[in-house]
Every structure is written in C-alpha cells, then in structure tokens.
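Novice: For reference, the sequence and a predicted model appear below.
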Amino acid sequence: MRCLQKLCCNTMAACSYLLNIFALCVSFAFISCVQVEDPCKIKSRVAADDKYCDKYWECDGGQAVQYDCPNGLVFAGKHRGVTEGCDYPWRSNYCEYPKVQINPPNGVEHCDWLYGIFGHETSCTRYWTCWNGTATEQLCIGGLLYNENAHSCDWPENVDGCQKHPLCNEDPNGNVPLGKSCNRYWQCQGGYPRLQRCPAMLVFDRRSLRCVVPPTEECDVPTTTPPPPEEVQEERQQVPHKSHRPSQEYQDPQGRSRPRN
Ligand SMILES: *[C@@H]1O[C@H](CO)[C@@H](O)[C@H](O)[C@H]1NC(C)=O
C-alpha cells in the first residue's frame with residue numbers, strides 16, 4: 001500500500017514536471033511566433049517592432065525599413081501619438097513586457113529624454129515639457145502640484161514629498177490673495193489650497209483676507225467683463241497634455257538637484 005502511494009506520488013510529480021515543460025514549450029513557441037508584420041503587406045505600411053517599443057518598420061520602396069521613434073517616445077501606430085506615430089510611453093500600453101525601449105535617454109538640461117514631461121528641479125508647482133530637447137517651463141495652477149507618476153498636475157494629497165502647498169505656509173487654514181484678482185482667492189485647508197471665488201457682488205479684501213462689500217482699496221464694484229487675457233492663458237496651462245508645442249527655452253541657473261520638501 002505504502003509502495004503504491006509512493007509510486008502514485010512519483011507519477012504525479014513526473015506529470016507536473018512534464019506539464020511545466022509543456023507550458024514552457026508553448027510559451028517559447030508563442031514568443032518565437034510573434035514576428036514583425038511585413039509593413040509592405042498591410043494597408044498602413046507601418047508596423048510595430050516585435051522586441052523594441054521605440055522602433056518600428058515602414059515600407060519604403062517595397063522594402064521593410066526599421067526606424068526609431070524620437071528619443072523618449074514609443075511606437076503608437078500610424079497617425080497616432082504626439083509625433084511620427086510615436087507617443088509618451090506612459091500614455092497607454094504601448095510598451096509592455098517583454099517589449100522594451102532600447103534607445104538610451106539622450107537628455108539635455110531639464111529633459112531626461114528629448115521628448116517627454118519631467119519634474120522640476122526645485123519646485124512642486126512647476127514641471128518641464130520637452131520637445132526635441134527644447135524645455136518649456138509649465139505651471140500647475142488651481143492649487144495643484146506636479147505628479148511625476150501621472151505626468152500631470154494633481155491634487156497635493158496624491159503627490160509624495162509635496163503634500164503641503166507653499167502657498168499655505170504662512171497660515172495652513174487661512175486665505176491667500178490670488179495675484180491681483182478681485183474675486184478669486186486661495187482658501188487653505190490644513191495646508192492644501194483650494195481656488196475660491198467670492199459670492200457675486202463681493203470682492204476679496206487683501207487686508208482682512210475675506211470677501212467684503214466693495215469698494216476696497218484695490219477693488220471697485222465688480223462688473224461683468226470677461227477675465228483679462230493672462231488669466232485665460234493660465235487656465236489653459238492647467239491641461240498640460242494639450243500643449244506640446246515647443247516655445248522659448250527656459251534657462252534655470254540652479255542645476256538639477258531636486259529638494260522636494
Ligand atoms: C531636433 O533638433 C535637432 C537639433 O537641435 C534638429 O537638427 C532636428 O531637425 C530637430 N528635429 C525635429 C523633428 O524638429
């Protein structure tokens with residue numbers, strides 16, 4: 001009886017060993033079956049590489065030719081991505097295991113890669129968008145901070161190392177004037193700022209730090225004119241993914257060290 005049990009166990013062990021081998025064989029077969037599509041046989045004339053997410057194949061004069069995505073980007077598909085069919089690697093599942101990025105980062109000041117969105121060296125409210133190595137400084141507004149994992153502006157509670165906003169340093173539960181605005185202000189709640197607007201017909205008084213009946217020293221009775229152009233400009237910057245256009249290079253005299261607290 002004991003012997004029979006042992007035999008049975010041995011058989012099962014052998015079976016499971018064989019099953020493992022079989023599974024291994026199947027996965028090898030699967031990996032070696034994943035081949036580059038011939039770009040000359042498909043309508044788009046462009047195909048992803050099978051191993052490297054930052055390379056792709058294009059049909060040039062009847063021949064498949066391999067190309068690199070711009071530095072920092074990965075292949076997304078024809079007419080997709082931010083440029084040349086390539087996109088930021090975090091945007092989607094463009095670069096998943098076992099595929100890897102093979103080209104090394106070709107960084108310049110402020111830009112780890114020539115294309116991408118990167119954290120600021122010295123500020124939690126600022127970040128860099130890089131386009132072909134040209135860095136443009138961007139600002140998170142509305143009390144948001146730059147989140148390096150999301151590559152965008154986010155609520156302070158989601159941003160490690162930058163929880164409390166410097167705006168609220170003086171009084172973690174006080175109000176703070178917003179530039180020269182007569183009806184908008186920051187309301188700090190436990191160190192987190194929230195953008196607020198005074199009720200209609202009231203203005204923000206920078207002395208008492210409250211909404212009061214106008215006029216105050218700086219603010220007359222509110223009118224219904226649209227906000228000045230620079231405020232509109234500021235609102236637009238809040239949506240970083242929509243503004244990848246290159247613009248003037250920003251020179252930061254303070255190196256790349258990044259104290260975040
Ligand atoms: C990127 O910049 C380099 C040099 O700064 C330039 O030669 C190249 O044409 C630029 N590429 C694009 C796509 O703008």
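Specialist: Here it is on my side, so go on. The structure displayed is predicted, hence computed values, not measured ones.
Novice: What is the neighbour count of residue 183?
Specialist: 19 (other CB atoms under 10 Å). C-beta here means a position set from N, CA and C on the backbone, and glycine is covered the same way.
Novice: mind listing what the nearest residue to it once chain neighbours are set aside touches?
Specialist: In this structure, residue 183 finds its nearest non-sequential neighbour in residue 198, 4.5 Å apart by CB to CB, 6 or more residues apart in numbering. With contact taken as CB atoms under 8 Å, 6 or more residues apart in numbering, residue 198 is in contact with 183-185, 204, 211.
Novice: Any regions of this structure where pLDDT drops low?
Specialist: Counting by pLDDT under 70, the chain has low-confidence residues at 1-35, 161-164, 222-261.
Novice: returning to that earlier point: okay, and which of the contacts of residue 198 map to strands?
Specialist: Cross-referencing these against strands under DSSP state E gives 184-185, 204, 211.
Novice: still on that earlier bit, which of the contacts of residue 198 lies closest to residue 168?
Specialist: Checking the contacts of residue 198 against residue 168 by CB to CB gives residue 185 as the nearest, at 12.2 Å.
Novice: Check the burial of the closest residue to the closest one other than its chain neighbours by counting its neighbours.
Specialist: In space, and not counting its chain neighbours, residue 185 is closest to residue 204: 4.5 Å by CB to CB, 6+ apart. Residue 204 has 26 neighbours, counted by other CB under 10 Å.
Novice: give me the beta-bridge partners of residue 204?
Specialist: Taking DSSP bridges as the rule, residue 204 bridges to residue 211.
Novice: what's the spacing between it and residue 106?
Specialist: With distances taken as CB to CB, to the nearest Å, residue 204 is found 47 Å from residue 106.
Novice: Give the full set of residues in contact with residue 207.
Specialist: Shown in contact with residue 207 (CB under 8 Å, 6+ apart): 216-217.
Novice: In which helix or strand does the closest residue in space to residue 189 that isn't next to it in sequence reside?
Specialist: Nearest non-adjacent residue to residue 189, counting by CB to CB, 6+ apart: residue 173, 6.4 Å away. Here residue 173 sits in a region with no helix or strand, counting by DSSP states H and E.
Novice: Need phi/psi at residue 173.
Specialist: Note on residue 173: backbone dihedrals following degrees, to the nearest 10 are phi -130, psi 30.
Novice: Same check on the one 3 residues further on?
Specialist: With angles defined as degrees, to the nearest 10, residue 176 shows backbone torsions of phi -130, psi 130.
Novice: and the residue lying closest to it once chain neighbours are set aside, how far is that from residue 171?
Specialist: Excluding the flanking residues, the one nearest residue 176 by CB to CB, 6+ apart is residue 186, at 4.1 Å. Noted for residue 186: a distance of 11 Å to residue 171, by CB to CB.
Novice: So which of those two has more stuff around it?
Specialist: residue 186 (22 against 11).
Novice: Next up, the contacts around the more buried one.
Specialist: 143, 167-168, 175-178, 193-196 are the contacts of residue 186 under CB under 8 Å, 6+ apart.
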